[in-house]
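S.K.: below is the sequence, then the predicted model.
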Amino acid sequence: MFFIYQIRTLTPKVTPCTDLNCPLCGSRAGVELAIFQKYAWFIMPMWPEGKFGIAYCGNCQQKIPNVKWTDELEERYYQLKKETKTPLNLWRGLFINPLLLAAFIGIIAGTVYMLAQRNKRNQIENKALLSEYIVAPKAGDLYRVAVLVNEPSPSYNYTYFRYMNTSGDTLFVEKLKKGLPTYGSWDQLNTSEANAFEGKKIPLNHSVFKKNQDFLIMGEETIHIFFKGIERAGHTLIKN
Ligand SMILES: [Zn+2]
């Protein structure tokens with residue numbers, strides 16, 4: 001892992017050096033030395049870096065370049081640099097930032113976990129409800145189905161079965177007259193208009209439906225109509 005940090009400087013500590021001559025204009029009383037503290041910054045100060053000094057003359061109003069510094073000026077600079085303590089709080093980011101990062105990761109991980117748990121719970125509830133609806137069908141239940149059609153070439157037709165009644169282990173449904181070839185297009189089918197359903201009773205094996213959640217027509221051996229979900233009172237449960 002890497003991160004980008006900045007190098008910043010604290011407000012300098014300025015000391016008048018009235019006893020020193022300015023190497024530029026030769027006058028006294030105008031020389032000042034500023035000591036700068038550098039530090040690494042990321043959200044907050046992370047750790048201190050080095051110090052540097054800038055000399056300035058108030059008389060000739062110029063910055064005194066390092067190459068022009070007199071021995072006395074240089075000596076004073078080292079002295080002041082030594083006297084300027086590095087503030088300990090410049091280290092704080094090194095201790096606090098990992099905590100912030102940990103807290104941040106904790107929040108993200110916690111949220112992801114919570115969402116995953118909720119999703120899992122919803123799936124379990126959905127599955128339980130689906131089984132319940134299959135075991136105890138109600139008038140008006142609509143089953144989303146995918147019918148495997150072999151002619152002219154194998155394809156699916158998406159339509160609805162509507163629950164009619166049960167008799168023993170037989171669950172009677174009727175098929176919607178219309179169907180669509182695109183998966184997920186159930187919403188586009190009108191199930192409420194008059195004579196929308198064929199009215200012909202289709203006998204389904206209720207045990208197979210309960211066990212496999214698929215449709216086996218009584219007297220047939222193979223399943224070619226697949227159960228995809230239930231709609232009851234405007235609420236849809238999808239079979240996963
Ligand atoms: Zn000067």
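M.R.: Good, I have the coordinates. This is a predicted model, so every value here is computed, not measured. Numbers count the residues shown, from 1 in each chain.
S.K.: least trustworthy helix or strand in this protein by mean pLDDT?
M.R.: strand 235-238 (a mean of 91; mean pLDDT, DSSP states H and E).
S.K.: what sits against I35?
M.R.: Applying Cβ atoms under 8 Å, 6 or more residues apart in numbering to I35 gives the contacts 12-13, 15, 51-53, 77, 80-81, 84. Quick note: C-beta positions are derived from backbone N, CA and C, even for glycine.
S.K.: name only those of these that count as buried.
M.R.: With burial judged by 16 or more other Cβ atoms under 10 Å, the buried subset of the contacts of I35 is 12-13, 15, 51, 53, 77, 80-81, 84.
S.K.: okay if I get these as a markdown table plus pLDDT and distance to the ion?
M.R.: Converted to a markdown table, these look like this (pLDDT from 0 to 100; distance: Cβ to the ion, whole Å):
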| residue | pLDDT | distance to the ion |
| --- | --- | --- |
| P12 | 93 | 19 |
| K13 | 93 | 21 |
| T15 | 95 | 16 |
| K51 | 96 | 24 |
| G53 | 96 | 16 |
| Y77 | 97 | 16 |
| L80 | 96 | 19 |
| K81 | 95 | 22 |
| T84 | 92 | 24 |
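S.K.: so which of these comes closest to A194?
M.R.: Nearest to A194 among these: P12, at 88.8 Å, using Cβ to Cβ.
S.K.: isn't that closest one right up against K38?
M.R.: No: contact status for P12 versus K38: not in contact, 10.8 Å apart, counting by Cβ atoms under 8 Å.
S.K.: what's the neighbour count on V31?
M.R.: 27 (other Cβ atoms under 10 Å).
S.K.: before we move on, what about T170?
M.R.: 15.
S.K.: got phi/psi on it?
M.R.: With angles defined as degrees, to the nearest 10, T170 sits at phi -100, psi 130.
S.K.: now the helix ranked longest in the chain, how far from the centre of its chain.
M.R.: Secondary structure of the chain per DSSP state H: the longest helix is helix 92-135. With Cα atoms, centre = their mean, to the nearest Å as the basis, helix 92-135 stands 11 Å off its chain's centre.
S.K.: then stretch 144-162?
M.R.: 38 Å.
S.K.: contacts for that stretch, please.
M.R.: 140-143, 173-176, 178-186, 189, 191, 197, 202, 215, 224-231, 236, 238.
S.K.: for the record, mean pLDDT for that stretch?
M.R.: Stretch 144-162 shows a mean pLDDT of 91.
S.K.: next, the distance between the ends of that stretch.
M.R.: End-to-end distance of stretch 144-162: 9 Å, with Cα to Cα, to the nearest Å as the criterion.
S.K.: now N21: closest residue in space, sequence neighbours ignored.
M.R.: R28 (5.7 Å; Cβ to Cβ, 6 or more residues apart in numbering).
S.K.: just to check, that neighbour is in contact with C17?
M.R.: No: contact between R28 and C17 fails when scored by Cβ under 8 Å: they sit 9.2 Å apart.
S.K.: looking at those two, which is more packed in?
M.R.: Per other Cβ under 10 Å, whichever of R28 and C17 has more neighbours is C17, with 20 against 14.
S.K.: double-check that one against G30; I have them as touching.
M.R.: No: applying Cβ under 8 Å, one finds C17 not in contact with G30, separated by 9.2 Å.
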